[in-house]
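> Predicted model, plus sequence, below.
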Amino acid sequence: MEIKVLGCSGAEFPGHRTSSFLLNDKILFDTGSLTNLLDIEGQCRIKHIFITHSHLDHIMGIPFLADNLIFRKKRHRVNIFSIPPVIKVIRKSLLDGSIWPDFTIIPNSHEGILNLIELKSGHSIKIDGYTITPYPVHHSVPGTGFLVEDREKRRFFYTGDTGPTSSTWIKMDGIQIHSLLIEVSFPNGMEEIALRTGHLTPRLLKKELLKMKPQPERVLIIHIKPQYFRSIRSELQKLKIKGLRLLKDDQTLQV
């Protein structure tokens, strides 16, 4: 599996792009960075989008993508997958006709450029040879991570935004994860705000990893807030976690 990191930052600053991960050019996980980065050919290759939660830095590419695709002569529907509370927010608050036109019914109700699809936690779907399963995470709004498995049984798990959770790892007990894309938003000194807002610090990350059986082969850190990057990097290095890397925008990963 090849994953292109379109954006992996916990905030938008010059040189830092928000969360978006592209699997084999067709399947996108979150849309924090999309139309501001991919040319129209790249945008047209996207067929399926999986959204972890409804915060703006993870959904803001959806309306712009729809707007770009609607005027193409050869257009296709884009499937937007997530758990019901997230789909509800996208439908009622983003594509509501006030913030943005409702592209689920444009150009008409039978051929809307966007197709919103609800997923049930723990229930897998198969797309383009991948098995994708949503698992709940703990954030300030309803959220889900996604476990992705290819035909060779290689797997990655993308947490989206999450704070400490036990239920996630219990549900995934015994599953070997080859690449864990997991957030660390704040330094250790901001643990209180991390807990209150549903995020992790380096110290909290270490505790989460101890809950996982078996341990992931690689731990790929995402969603670092740029203003705290140096502190977080230093604290992570001191933990000496096997297989740990800090992801950067524009990287390409092989799982």
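Alright, I've got the coordinates.

> which SS state does Phe64 fall under?
Here Phe64 is recorded as helix under DSSP: H, G, I helix; E, B strand; the rest coil.

> pretty sure Ile117 belongs to a strand, no?
Yes: per three-state DSSP, Ile117 lies within a strand segment.

> What count of nearby residues applies to it?
By other CB atoms under 10 Å, 13 other residues sit near Ile117. In this view, the C-beta of every residue, glycine as well, is placed from N, C-alpha and C.

> Okay, and the beta partners of it?
Phe81 (DSSP bridges).

> Pretty sure it sits against Ile83.
No: counting by CB atoms under 8 Å, Ile117 stays clear of Ile83, with 10.6 Å between them.

> Please identify every residue contacting each of the two.
Counting by CB atoms under 8 Å, 6 or more residues apart in numbering, no residue touches both Ile117 and Ile83.

> Test my guess that His53 contacts His138.
No: His53 is beyond contact range of His138, at 10.9 Å (criterion: CB under 8 Å).

> More neighbours: which of those two?
Neighbours of His53 and His138, each counted by other CB under 10 Å, are more numerous for His53; the result is 25 against 18.

> And that one, how close does it get to Leu204?
18 Å (CB to CB, to the nearest Å).

> same thing with Lys74?
Going from Lys74 to Leu204 by CB to CB gives 47 Å.

> So the two - more neighbours on which side?
Leu204 (20 against 6).

> Let's verify the more buried one: helix, strand, or coil?
Under three-state DSSP, the three-state class of Leu204 is helix.

> neighbours around the residue lying closest to Gln251 once chain neighbours are set aside, how many?
Setting aside the residues directly before and after it, Gln251 is nearest to Val5 in space (CB to CB, 6 or more residues apart in numbering), at 4.4 Å. Counted with other CB under 10 Å, residues neighbouring Val5 total 21.
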